[in-house]
Structures are given as C-alpha cells and as structure tokens.
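Asks: what's the 3D shape of this:
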Amino acid sequence: MRPPAAARMRRMIRNVHDAALAALMIDDPVAKCAAAAALRHDWIARTLDVLEGGDDARAIAEPGRPSRPQLVAPQALSSRHIGSREGHAALLHAIAHIEFNAINLALDCVHRFRSMPAAFHRDWIHVAAEEASHFELVQARLHALGHGYGDFSAHNGLWDMACRTADDVLSRMALVPRVLEARGLDATPMIVAKLRRIGDDESVAVLDVILRDEVGHVAIGDYWFRDCCARRGLDAEAVYLELMERFNAPWPQAPLHREARLAAGFSAAELDRLARGRR
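Replies: Below you'll find the model as predicted:
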C-alpha cells in the first residue's frame, strides 16, 4: 500500500520554509493541524534544513482555508450574546477562527522570513503547533454545542495585517503578535467571566490553556521585534507607536491585562502609554 499523499510530500520536502508553505496552503483544518504538528516533529527530529536566503515579500492573499466560514465585515458578524445557545456557540466560533488564523500566521513567518536565524523558525514552528492544538480544543467545545468551524461568519482582520506586513519582519512582529494577538490577552478574562456565569467550565478550562500559551506566543513576537529593532539601531518602544499610527492598527481596549502583557515583554512604561489611549 502506498503511503498517503501528505506523507509522501513530507518526505520530498527537505527544507523548513517549503514545509511551512505546504502546511499553510492546506484547506482542511484537520489536515492543517496535523501538518503543523508534523512540522514540529520533523524540526525536532532535524530532518528539515534552514536555508540561507532573502525574505519572500510577496503577500499570500488566500492562504489555505475551508470554503466556510464566510468572511464578512466585522460589523456584519453573527451576534455573540452568550445568553442564547447560538450566541454561546458564535463566541466560541470566533475564538476558533482566531486560532485557525494563528496557525497560518505562524507558518507564514517560517515560510516568509528566510533571512532570520534558525531560532526564529524554531519559535514559530512551536507556535504553529500550539495554535493547532488550541484550534482542536475549541473545535471540540463547538462540537459539544452541536456546531463546528464554519457554521458562523467571520472576519479577515488578522490575515489582512499579515498581507500588509509581508515585506518586513519587524513590522510583522510589532503589529501581529504585539498588537492583534496581545488584544486577546486583554479580552480573555472577560470572556472567561461570561462563560463562568453560564456554567461552561469546560470552555473556561480551554481558555485557561490558551491564555497561558498565548502569553508565550506574544513574548516570542516581542523578543524578535526587539531583536530586529536592536539590529537596525532603533528604539523599539518608539518604533512600536510609530508603526501603530502608520498602519492604523487598532488600539488596545481597556482594561489591559497588565500581568499578562508584562509577562509577554511589554514594559510598564509602554502599558501606561497604551492605557492613555490613542492621541
């Protein structure tokens, strides 16, 4: 019996960048999660090479994703009022969508930013596998409510920012991990409180895992952002604010989760500035 096509492809690809791109372009969520886990396995087993070369600045407008969910403007999203079963499921679906996009974002970093050191690729391979695990956990909770990924509409904000920062690793590290993903650190305690109020302890346990891991993911973005700034002779915290303005990135909404953000690498001075709002 011939091995499955995915396994044959893995044996043919010998470098980590092409392996990450192959996983990135998989449409099926189950297969994508398996590919992210396999990529981490192959990296640990040292069967994939890191190639020296320049970054690929061409944005990937359509990464691998299923035909559903339908992507709409944020204001057209389904109601997430947790008092109803549909709203409960819609809230979990929004989290699943974030985790699915996060798999793609991590894989894109490994594929795209080839000029970065091997430790950078190691870090984002690890993130991709953890995001895949998060997606599977939330998908299981959706199934428990009689739903699955794709049953509700979603927006494309995370991937839009990936496209806008495809040509510069410094901007990517600033505006995806330290802006968009860091917003999840702030939002999670409020979501947990809502789920506790309706007795969904199983989903609370899942979000506890996600929050713990996401602090580490934002910290990885923070480390590489500051590393890129140091190598370019730039003041990281000043550049961060400049990039937020230049890209019109969303300002964090109060209350900030100071403990989580400090653990992820933000300074107290940065958090004080962010807490004052955009001016």
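Asks: check which helices and strands the strand or helix carrying residue 184 sits against.
Replies: Using DSSP states H and E, residue 184 maps to helix 182-197. For helix 182-197, the packing partners by 3 or more C-beta pairs under 8 Å, 6 or more residues apart in numbering; DSSP states H and E come out as helix 85-112, helix 201-231, helix 258-263. Glycine gets a C-beta too; all of them are placed from N, C-alpha and C.
Asks: quick one: average pLDDT of the longest one?
Replies: In this model, helix 201-231 has an average pLDDT of 98.
Asks: tell me the angle that helix makes with helix 182-197.
Replies: For helix 201-231 against helix 182-197, the angle by axes from the mean of the first three to the mean of the last three C-alpha atoms, to 10 degrees is 170 degrees.
Asks: which is the next helix or strand following helix 201-231?
Replies: helix 236-246.
Asks: what's next to that next one, contact-wise?
Replies: With contacts defined as C-beta atoms under 8 Å, 6 or more residues apart in numbering, helix 236-246 is touched by 170-171, 174-175, 178-179, 225-226, 229-230, 249, 251, 267, 269-270, 273.
Asks: pick out the most distant pair among these.
Replies: 230 and 251 (25.4 Å; C-beta to C-beta).
Asks: who's more crowded, those two?
Replies: residue 251 (14 against 11; other C-beta atoms under 10 Å).
Asks: from memory the more buried one sits against residue 279, does it?
Replies: No - applying C-beta atoms under 8 Å, one finds residue 251 not in contact with residue 279, separated by 9.9 Å.
Asks: pretty sure residue 142 contacts residue 90?
Replies: No - contact criterion C-beta under 8 Å: residue 142 and residue 90 do not qualify, at 9.9 Å.
Asks: what's the closest non-adjacent residue to the most centrally placed residue in the chain?
Replies: Residue closest to the mean C-alpha point of the chain, counted by C-alpha atoms, centre = their mean, is residue 102 at 2.4 Å. Leaving aside its sequence neighbours, residue 102 sits nearest to residue 131 (C-beta to C-beta, 6 or more residues apart in numbering; 4.1 Å).
Asks: over to residue 70?
Replies: Using C-beta to C-beta, 6+ apart, the closest residue to residue 70 is residue 153 (4.9 Å).
Asks: again, but for residue 184
Replies: Nearest residue to residue 184, sequence neighbours excluded (C-beta to C-beta, 6+ apart): residue 214, at 5.8 Å.
Asks: show me what contacts the one you found?
Replies: Counting by C-beta under 8 Å, 6+ apart, residue 214 makes contact with 181, 184-185, 188.
Asks: distance to residue 200, pLDDT and neighbour count for those - can I get that in JSON lines?
Replies: JSON lines is the format used below for the contacts of residue 214 (distance: C-beta to C-beta, whole Å; pLDDT from 0 to 100; neighbours: other C-beta atoms under 10 Å):
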{"residue": "181", "distance to residue 200": "23", "pLDDT": "96", "neighbour count": "22"}
{"residue": "184", "distance to residue 200": "18", "pLDDT": "95", "neighbour count": "22"}
{"residue": "185", "distance to residue 200": "20", "pLDDT": "97", "neighbour count": "23"}
{"residue": "188", "distance to residue 200": "14", "pLDDT": "97", "neighbour count": "18"}
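Asks: just those now: which is nearest residue 259?
Replies: Taking the contacts of residue 214 together and measuring to residue 259 by C-beta to C-beta, the closest member is residue 185, at 9.2 Å.
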